[in-house]
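[1] A predicted structure for the sequence below; I have some questions about it.
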Amino acid sequence: MKSSTKQGVKILSTGSAVPHMSLNNNQISDIVETSDDWISTRTGIKERRLLTGEQKSIIDLAIVASRNALDKISMNPSEIDLILLATSTPNDLFGSASQIQYKIGAINAVAFDLTAACSGFVLGLVTASQFIQTGSYNNILVIGADVLSKWVDWSDRGTCILFGDAAGAVILQSCPYVDNSILNFQFNTDGTYASHLSIPYKESHQPHVLLNIYQGSFHPIYMNGREVYKFAVSQVPLSIVKCLNALNMSTDDINWLLLHQANERILNAVADKLSIDNHKIIANLSKYGNTSAASIPLALDEALEEKKISDNDIVVIAGFGAGLTWGTIVVRWKELQLA
Ligand code: ACO
């Protein structure tokens, strides 16, 4: 972190939301040729939640998660200065954050979307923290939300078994620098391998007859699972070590390892490479699958509800995904002292 830092940042509250409908592995085997055994063994996923019925869009989920976070600290939405929505599945390509701003009544907030797939939440958290550290804003709502069920090819067993829908939210607030929670971050991008994981835009074969413009549409998720697995297991530990080293910390200092909830095998392999005990891994993907930008705030909110994380615990958070983009944030957890 640069020495120009003026303010500290604390994570004041968290919230989350998942759709009501659950689809377990046996039910998915009615849709594609697969089995509970195959999915459980290879991914650790047992079920996932899918957006259906009355909850129609990502906005509905994001609103529930945001209100959940606001209610826990009795914060009036008008106190929020900025809303940052990390998502790859907006219901409007121009962005969905402004609809959340309107619907939760955050009348004083600027709102915009940030797209970085499964790394979106960690990038959003650090982007937001920069606005606080430079003194621009005091209260920021960061939401990670995705509804990849709308973008999955439900006949592709290699991908449709993996994903679920969810939203998670955190509220960040400025604080004296001595109480700063976000100790350091380390981010990376390698566009060389962008094609391993994408929702590609494909143009039509025929141009507009008068304008010669090609138009098209987005295709479902494409993933090279093996390459994504190799990338995550090789690069994420390096990022974590770099981030810790810059703080003169080691993996022994970690109390909790909170990785993007992609796949249990990836979580375990990263922990093994870093010699981190498996009991320090925060994992809830068996219940929700890979919820992309929502996975980290959803797991964080659940871990806090379960009172796993204590004051001053070091929580290492790492995201990875399409881009390819990956990175780490080291957090010193500060329990909220409610008056
Ligand atoms: N059920 C049964 N068989 C299947 C299924 C399925 N759902 N999916 C694939 N198979 C078959 C394949 O057809 C193949 O059969 P074949 O040998 O007869 O050709 C065999 O299983 C092996 O297929 P692979 O794709 O090589 O399986 P792999 O062992 O690599 O496991 C998996 C697939 C689980 C996707 C793995 O590659 C993985 O975990 N990759 C990481 C994926 C990931 O985490 N992506 C998201 C991270 S980034 C983000 O969150 C956006």
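    Cool, the structure landed.
[2] Show me what counts as buried in stretch 7-24.
    Of all the residues in stretch 7-24, those buried under the rule 16 or more other Cβ atoms under 10 Å are 7-19, 23. The C-beta positions use only the backbone N, C-alpha and C, and glycine is treated the same way.
[3] Next, see if that stretch gets close to the ligand.
    No: if you take Cβ under 6 Å from any ligand atom as the test, stretch 7-24 misses the ligand, and the best it gets is 13.3 Å.
[4] Please shift the residue numbers so they start at 717 in all later answers.
    Got it, first residue is 717 now, which makes that one stretch 723-740.
[5] and whichever residue of the chain sits closest to the ligand, what does it touch?
    Going by Cβ to the nearest ligand atom, the ligand is nearest to Gly941 of the chain, at 2.8 Å. Shown in contact with Gly941 (Cβ atoms under 8 Å, 6 or more residues apart in numbering): 874-875.
[6] For the buried residues of stretch 723-740, point out the one with the lowest pLDDT.
    The lowest pLDDT within the buried residues of stretch 723-740 belongs to Gln723, with 90.
[7] Now that Glu1018 has come up, it's in contact with Ser1002, right?
    No: Glu1018 is beyond contact range of Ser1002, at 11.9 Å (criterion: Cβ atoms under 8 Å).
[8] Any idea how many residues pack against Ser863?
    Slight slip there: residue 863 is Val, not Ser. For Val863, the count of nearby residues is 31 (other Cβ atoms under 10 Å).
[9] still on that earlier bit, what about the buried residues of stretch 723-740, which are in helices?
    Using DSSP state H, no member of the buried residues of stretch 723-740 sits in helices.
[10] Among those, which pair sits farthest apart?
    The largest separation in those, counting by Cβ to Cβ, is between Gln723 and Leu739 at 43.6 Å.
[11] tell me the domain boundaries of this structure?
    Domains of the chain are assigned by automatic domain parsing as 724-895, 898-911+937-1048.
[12] Dump those domains to JSON lines, plus distance to Leu927.
    Compiled in JSON lines, these are given as follows (distance: least, Cβ to Cβ, whole Å):
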{"stretch": "domain 724-895", "distance to Leu927": "20"}
{"stretch": "domain 898-911+937-1048", "distance to Leu927": "29"}
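[13] Quick one, which of those gets closest to Leu926.
    Closest to Leu926 of the domains of the chain, according to Cβ to Cβ: domain 724-895, at 24.4 Å.
[14] For Val986, which three-state class applies?
    Counting by DSSP: H, G, I helix; E, B strand; the rest coil, the backbone at Val986 sits in helix.
[15] Partner strands of the helix or strand bottoming out on mean pLDDT in the chain, with direction?
    Least confident helix or strand of the chain, by mean pLDDT, DSSP states H and E, is strand 917-919 with a mean of 89. For strand 917-919, the pairing partners within the sheet under DSSP bridges are strand 932-934 (antiparallel).
[16] Just after the strand it pairs with, pick out the following helix or strand.
    Counting by DSSP states H and E, the next helix or strand C-terminal to strand 932-934 is strand 938-939.
[17] How about residues contacting that following strand?
    The contact list for strand 938-939 (Cβ under 8 Å, 6+ apart) reads 874-875, 911-916.
[18] Which positions in the protein make contact with the ligand?
    Counting by Cβ under 6 Å from any ligand atom, the chain comes close to the ligand at 750, 754-755, 758-759, 833-834, 873-874, 877-878, 913, 939, 941-942, 944-945, 978-979, 982, 1006, 1008, 1037-1038.
[19] Mind checking which of these are in strands?
    Among the residues of the chain next to the ligand, the members falling in strands are 913, 939, 1037 (criterion: DSSP state E).
[20] Low-confidence regions, the stretch 917-1055 of the chain specifically.
    For the stretch 917-1055 of the chain, applying pLDDT under 70 flags the ranges 1053-1055.
[21] repeat that with 50
    The model of the stretch 917-1055 of the chain has pLDDT under 50 over residues 1055.
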